[in-house]
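Undergrad: sharing a model that was predicted from the sequence below.
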Amino acid sequence: MGTDRAVVVFLRMVGTLDLLALPFALLPFAWIDKIHQGLGLGTLPNYPTVAYLARCVCLLYAANGALAWRLSTDVGRFAPLIGFEAAVAILLGTWILVVDCSVGMPVWWTALEGPAIAAMGTSLWLLLQRTRSRTNGALRDDAH
């Protein structure tokens, strides 16, 4: 792994964190509602779209976690995609911050969610750039 070790470790940490969302997609709705209430967010409306969105968000986080793990297996080969993933996370975190503010999420939620995603994207971008500079930009792209 050499100079890309930090990128590998970071991708696997983020991937593992995101994969932790998977079991929540399988919880009974009553349990999801209890968690929602426990976070101080009130009663979760029991509508099909609410249950669908709650489960799909968990599945999307888990899918991103699986992707992060796959990307970590060959940083050199996947460097362009890792850079794209980092840029998407920065934009996603920014937009989630806008959404959280516009829908009135609690301050603690708003301060954590979007900024954390953007910070993870920024960190990944910087780690990838550091790896590229250490290898004089020699990360290979076997996709071509």
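TA: Yes, it's here.
Undergrad: residues in contact with R12?
TA: A68, W69, S72 (Cβ atoms under 8 Å, 6 or more residues apart in numbering). Placement of C-beta: from N, CA and C, glycine included.
Undergrad: any chance of these in TSV with pLDDT and distance to L112 as columns?
TA: Output for the contacts of R12, formatted as TSV (pLDDT from 0 to 100; distance: Cβ to Cβ, whole Å):
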residue	pLDDT	distance to L112
A68	98	19
W69	98	23
S72	97	24
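Undergrad: name the nearest residue to Q37, ignoring sequence neighbours.
TA: T43 (6.3 Å; Cβ to Cβ, 6 or more residues apart in numbering).
Undergrad: what about L92, which SS state?
TA: L92 falls in the helix class when you classify it by DSSP: H, G, I helix; E, B strand; the rest coil.
Undergrad: so the residue nearest to Q37 sits against D33, correct?
TA: Yes - using Cβ atoms under 8 Å, T43 is in contact with D33, at 6.5 Å.
Undergrad: compare the two (neighbour count), which wins?
TA: D33 (20 against 9; other Cβ atoms under 10 Å).
Undergrad: can you name every helix or strand that the host helix or strand of V99 contacts?
TA: V99 belongs to helix 75-103 when assigned by DSSP states H and E. Using 3 or more Cβ pairs under 8 Å, 6 or more residues apart in numbering; DSSP states H and E, the elements in contact with helix 75-103 are helix 5-19, helix 48-71, helix 107-134.
Undergrad: quick one: that helix to chain centroid distance?
TA: 8 Å (Cα atoms, centre = their mean, to the nearest Å).
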